[in-house]
Structure formats: structure tokens, C-alpha cells
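Colleague: Need a 3D model of the following:
(one chain, ligands or ions: 2)
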Amino acid sequence: METPKGAFSSSPSSENAKRKISQRGVITPKKQRYWYKQNQRKSRPKFVKLPAEVRVLIYKHVFSGTTWTDINAPQKKSDQQENPIRALLYVNKFIREEAVEVFFQTCTFRINHYRMHDKWRSWNRLATLTRVRHLVLSWTKPKRSKVTSKKTPYSFLAGLKNLRTLTIDLVGLQYMFVDPGDGPIDLHSNLLRKFKGRYNDLPQWIKRSIHNLPPKLQVSFQVYFFAAPFRGRIAIGGFGVIQDPLPDADFKCATILWRDKNVTEIEPFELEKWETRRKGLEWNDSSAALTDMSYSATNGIRLNGHTNGDTSPPAFPDDVPTAPLLRLSFAKLWDNDLEEVNRLLRACEDLGFFYLDLRGPGDDILADADNLFRVGENLYDLPLEEKKQYDFMHKNSYFGYKGYGANVVDKTGRTDRNEFYNVSKDDIMGLSEKLPAPKVLDTQRSLFKSFMTSAHSIITMVLSLLNDHLDLPPGTLANLHRVDHNSGDQVRLIKAPPQPMDDRQLTLGAHTDFGSVTVLFNRLGGLQVLPPGKDAEWCYVKPLPGHAIINLGDAMAVFTNGLLRSNIHRVVSPPGAQADFTRYSLVYFSRPENEVLMKRLEGSDKIPALDDEGRKEEERRKNEGILMAKDWIIRRALGHRHALNKEKAMDFDAFQGTEKLSRREGK
Ligand SMILES: O=C(O)CCC(=O)C(=O)O
Ligand SMILES: [Fe+2]
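Modeller: Numbers count the residues shown, from 1 in each chain. Ligands and ions are numbered 1, 2, ... in the order given. Reported below is the predicted structural model:
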């Protein structure tokens, strides 16, 4: 909401403020002095002694988000007591004159058509009408039609000279019931018909009034969807229109979130997203549905018990321990900025994790990442049966889909709490046979290609800088990771739904990444790293907008015999209130080309020589047939799949990566 222009930009004691206030014609300096003295004399609380801008902030705080159904002032003392917020306007003349402006700028008036017949006459006469900025008209088809007059009750709209937003809420709850377990349902056409019906119900004179509103006025219609538990069944419905009846109107749709039978949040969304929403209308995950009946209302009507869908999640809390990742600039590294390169080296040796600020030169990949997050949401909206068709583990491939709970995450045999889908770089770049994939992915191959190309070039830059630092022959690392050669590089789209409050477990088990360099995009918290050292504790990595999280994997630790770190990390429920939200994340994993050997690299004096333990380790890899990057990665990626490996999936020693090297327990 706007601050009254210029009126309160400095303290009342300053000449400037006095001049501005008096220019506004609301309070003259004389009046101000008078009230000030009055207050001093009576030794009342010194509210008016506060700087004017602070008073305005207080008024705003009190009034913001309030909705009123009555434009008239409360007439009696008892009205004011019932209405403590508006009572602020009646404390005294000074406060009223100041606050009333803020009141009208900040709050919304709502008129229900049903009650118009006894309101509109008095409203028509009100001088205050010109001050109203935000109005919601809610329309219910009257049961007993009291509104007979041909003279439109909406003539008062013409008096709303300063109206900024008009929201037309075609209330009229339409709902249907669905039994849990009914399986996929397509409600779209049904709801569409009902919404159109609501709009058609509007009398011509209302439509005319709406059409005659000033062109600049922002008119919006509301569409609400909801899904709410009701006597062991699910009521699903919506109200409003979803068709733009005014060609130039700013059409808005909204999703309502119900919690404990109350509307707690309304999320607006643009019409272009309607198609995406529509897909969400299919309720297709009946196995996950309704484990929690307390509420559910999501992007359309996707019920999975705990999710509250894609209303904006709260910020990452500031009272949880976070890992001290360095924040590096892509632009500076690209320019070979000496200081920035030194920080990169420090980050790769100390923690093996850092943030990369991509804003500016990395805007393209940031935009691709945003789009891929949406692709991820569409992908996971597919029915489980369809997604399962793309699980290729039985063909000894980790590309494709991994179902919820398919991996063991600890020695006790607990399973993960996420789904993911791996998209192969070789497939997208046409370097290998095309894998079967769902349409939502197949139609996005050029987006994947663009994202993969950008991610790979970031990785090549990091590898080249590390190469210089390690004094390896020029191009050594980059030549083990050529984008046009076969490797296990992949994009991973991950979805982790919220977990029940009393049963939160690992979403993704503790691990080191299997390959070389990982580029990760997070929106919600939940990723944790275990810093080196014996007594270290898990710390969250706070997602930063415009930044990727970069980390090194097993191959870099092996190539450099532990000089560079491949840090252990895991994923848990997002911290604080974020835990109620579905966590999507997006990763690019780069890996050495298929035939590269997982061994200490030759050719650098900086890389420590292998000790006995290290030599044994290399020998073991050779004997187990996992010396080649390709085999190393398959073993790591599929080892914990219980459907493949049964009891063995719990053997964390058998499938370990460079965890021990990463722990540096002695240091
Ligand atoms: O989702 C995340 O933030 C991390 C995922 C991850 O570590 C992985 O897939 O290897
Ligand atoms: Fe990872």
C-alpha cells in the first residue's frame, strides 16, 4: 500500500514535515502545536510526539489487511468497542485526521450483493465514497429477489472516483464429494461449466455497471478452488468465473488454502498458468492421499495428505545452524579475479561446498532453472503408474524414475522420502540412444539441453581453475569431462512432500556425490552438510535466490587424494514453517567420462602421494570392477535400491564413496 505521498517523510519537529503536512491541508502547524501541548498538559501517552512517519507505520500496521463491510463510521461507543481497529479513528481529532487517510488507502471494503438493497441508498450519499480505494463485490444469486429496482443499486460505483482495485467475487459455493480412493478424477470441465454458470447468472445491469467502470481501474475476478475434508469424504469445488468477461481486465485467479476449516491463505495466480493448474486437478496419487485429513487444498485439487501445495512458502528461518559456505561470484571467477579464485580454492579444499552467485552472466541458467522447477512439478503430477514405467533399475540403469522410498538411507533399513528423475546428458545431447520418457519431459528437450550446456560450462570453468591451482598439465581435468563424450552426467528433478510433524525422517540419506562437480538449485531449506572434524554437527544450507550451490563429488576427492573435499551431505525436512511445503530441487551432476579411472591423478606435485591405505583402496576398486567412472557410479547409484539388492542395500560399507576421506576425522 502506498504511503501518503510526501506527507510524512520526516519528523513533525522538522520544518519540512510541517510544511508538507500543512500543504496537504489536513493538519496545520498551528493545530499540530495545539495537539502537542494538549497532550503534554494532560501527560497522556506521548503517541503524537512520535515522528509522523512512525505514526503512519503504526496506522498502517493496524489497518493493513482489514476488510470492512460498512463504509459508515461506527455511530455509538459500543460499536467502537466492538470494533477496536476502527476505533483508532475515533481516539481524538488529531489522530483521526491523520489516520483516516491511511485507513482508506490500506483497507478493503466488501459489499455483498445480497445486502445491497438496504445499503445502497445511504452509500450513494456518502462523501467518503471518493476515498475508497479497494472494493470487493461479492455476488450471490438472491434467493428471494428483493433487488427489483431497475435503477441499479450499483450506481454508487460511479461515486468511487478514486477506486484502484475492484474485485468481483462470484461467491456461490459449488462442490462435489469424492471418496478417498476413488482414483484419478478430472474435475476441470465440470468446474468450468459451473463457473460459467455463475457469470451468466449476473443480471445485465450488473454486467453493464462493471463494463462502464473507468478503464484504468484494475478489475479482477476471483476463482477459488478448494478441497476440504468433510465427514470422511473430500469436498472439492470452486467458485468464481474463469473466463475473462472484460477483454482488458486484469484477470486474476486464486487458490484458497484451507486449514482447520478456515481459509488461511489465498494464492493468486496468473491466467497463463491455468493450464498447469488444470493438470493439478487430477487427483492421482491415492496411495499418498488423505494420510492426514486435517486439511488439503493445493494447486487445484491434488491431495496428498500433507501438502499445502504451492502457496508461497515462508522464508528460511534464522534460528537454525547454517553452514558457512563462501559466496563466490560467477562473473569474477569468469574474469579470473585473483582474490575470487583464491576463495574458490579455499572453498574446495575446506568444505567442498560453496554458493555461486549467477546473477548477471548466469541469468540464462537461472531462467532455465525456474522453468525446470515447473517441469518438475508437472512431472510429479503424473500418475504413479505412469512414472513407474520409467524406472530402469532392472536394466542396470540409474537414469529415469526412482519412486518414493526406493532407496535405503541408513544401516537400520529406513527408506528415503523423495521421488526423483534422472535425465541423461548423453540422451539429451544425442550421444546415446534416446530413452523412453514421459511427454512432459520429451517436450522439454531443448530446455534440458540449454540448462545442461550452461551447467556444464560452469563446471568446466571450475575444473579449469582447479586444474591451474593443482599444477596439473593444462586441460587435464576438462579433458576428463568433455560435454560431447559419453559420461554419467545427468539432471535430477527431485520432489519431497512434507512429512508428518511427528514422524520426520531423512528425505535423502547422508552421502557424498558420486561424480565430479554438482550444480544444485534449492528453493526450500532441508539440505544439510556435515563440516569436517570429529565433533561437527549437521548444518543447513540456506538457499539463496540467484545462486547455485556447488559441491565436489567423489571423483575430485579421488583424483586429488583428498586434497579437494567431497563433503557428506543429506536432506531432511525443510526447517521451521517451510516443513509444511513440498520441496522440489534441481541438480546437475557432472561425472568423469565413462572410461576415466577413479585413481589419483599423475602429473602434479601438489597432489599428495598415496599412502598404504590409499594404495589398498585403489586395489580394492580394481578387484571389485569399479575402477572405471561408469562402474563406480552405477554401484553408488543403484546399491541402496532395496528392490534390487534386498538385504545388501543396507550395507553402507559396500557402497561407500569417499566419505572417510571426506571426514578427515583426525584433523
Ligand atoms: O535436494 C538437494 O538439495 C540435494 C540433493 C542431493 O544431494 C543429491 O541428489 O545428491
Ligand atoms: Fe548429493
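Colleague: Going by C-alpha atoms from here, please, whenever you check contacts or count neighbours.
Modeller: Fine.
Colleague: which residues pair with the closest residue to ligand 1 within the stretch 401-550 of the chain across the strands?
Modeller: Distance from ligand 1 to each residue of the stretch 401-550 of the chain (Cα to the nearest ligand atom) is smallest for residue 527, at 4.7 Å. Beta-bridge partners recorded for residue 527 (DSSP bridges): residue 571.
Colleague: which residues does the residue in the stretch 251-400 of the chain positioned nearest to ligand 1 contact?
Modeller: As assessed by Cα to the nearest ligand atom, ligand 1 sits closest to residue 353 within the stretch 251-400 of the chain, at 11.3 Å. Residues in contact with residue 353 (Cα atoms under 8 Å, 6 or more residues apart in numbering) are 325-326, 347, 549-552, 567.
Colleague: residues in contact with stretch 627-642?
Modeller: 393, 396-398, 406-409, 487-488, 514-515, 591-599, 618, 621, 625-626, 644-645, 648-651, 655-657.
Colleague: Of these, select the buried ones using a ChimeraX command.
Modeller: Applying 16 or more other Cα atoms under 10 Å to those, the buried members can be selected in ChimeraX as follows:
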select :393,398,406,407,408,409,487,488,514,515,591,592,593,594,596,597,598,599,618,621,626,644,649,650,651,655,656,657
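Colleague: Helices - which of the contacts of residue 353 land there?
Modeller: residue 347 (DSSP state H).
Colleague: Tell me the confidence at the residue of the stretch 251-400 of the chain closest to ligand 1?
Modeller: Note on residue 353: pLDDT of 98.
Colleague: Next up, phi/psi of it, please.
Modeller: Dihedral pair for residue 353: phi -140, psi 140, per degrees, to the nearest 10.
Colleague: what pLDDT, on average, does stretch 531-540 get?
Modeller: Mean predicted lDDT for stretch 531-540 stands at 89.
Colleague: buried ones in that stretch?
Modeller: 531-532, 538-540.
Colleague: which residue sits closest to residue 397, ignoring its sequence neighbours?
Modeller: residue 634 (7.2 Å; Cα to Cα, 6 or more residues apart in numbering).
Colleague: Doesn't that neighbour lie inside a helix?
Modeller: Yes - according to DSSP: H, G, I helix; E, B strand; the rest coil, residue 634 belongs to a helix.
Colleague: So what's the residue count around it?
Modeller: Look at residue 634: counted by other Cα atoms under 10 Å, it has 18 neighbours.
Colleague: I'd like the distance between it and residue 366.
Modeller: 29 Å (Cα to Cα, to the nearest Å).
Colleague: With residue 406 instead?
Modeller: 30 Å.
Colleague: Repeat that for residue 478.
Modeller: 23 Å.
Colleague: wait, residue 317 sits on residue 574?
Modeller: No - contact criterion Cα atoms under 8 Å: residue 317 and residue 574 do not qualify, at 9.7 Å.
Colleague: who has more neighbours, those two?
Modeller: Comparing residue 317 with residue 574 by other Cα under 10 Å, the one with more neighbours is residue 574, at 25 against 14.
Colleague: contacting residues around that one?
Modeller: Applying Cα under 8 Å, 6+ apart, the residues near residue 574 are 524-527, 583.
Colleague: again, only this time at 7 Å
Modeller: 524-526 (Cα atoms under 7 Å, 6 or more residues apart in numbering).
Colleague: Kindly reformat these as CSV containing neighbour count and pLDDT.
Modeller: Converted to CSV, the contacts of residue 574 look like this (neighbours: other Cα atoms under 10 Å; pLDDT from 0 to 100):
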residue, neighbour count, pLDDT
524, 24, 95
525, 23, 97
526, 25, 97
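Colleague: and whichever residue of the stretch 551-667 of the chain sits closest to ligand 1, how far is that from residue 496?
Modeller: When scored by Cα to the nearest ligand atom, the stretch 551-667 of the chain has residue 585 as its residue closest to ligand 1, at 5.0 Å. Residue 585 sits at a distance of 9 Å from residue 496 (criterion: Cα to Cα).
Colleague: So in this protein, which helix runs the longest?
Modeller: helix 445-469.
Colleague: name the helices or strands packed onto it?
Modeller: helix 363-380, helix 425-428, helix 476-479 (3 or more Cα pairs under 7 Å, 6 or more residues apart in numbering; DSSP states H and E).
Colleague: Check what contacts the very next helix or strand once past the second one and list those residues.
Modeller: Yep, that's helix 425-428 we're talking about. The helix or strand immediately downstream of helix 425-428 is helix 439-442, counting by DSSP states H and E. Contacts to helix 439-442, defined as Cα under 7 Å, 6+ apart, come from residues 375, 378-379.
Colleague: so can I have a markdown table of those showing neighbour count?
Modeller: Shown next, in a markdown table, are the contacts of helix 439-442 (neighbours: other Cα atoms under 10 Å):
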| residue | neighbour count |
| --- | --- |
| 375 | 19 |
| 378 | 16 |
| 379 | 19 |
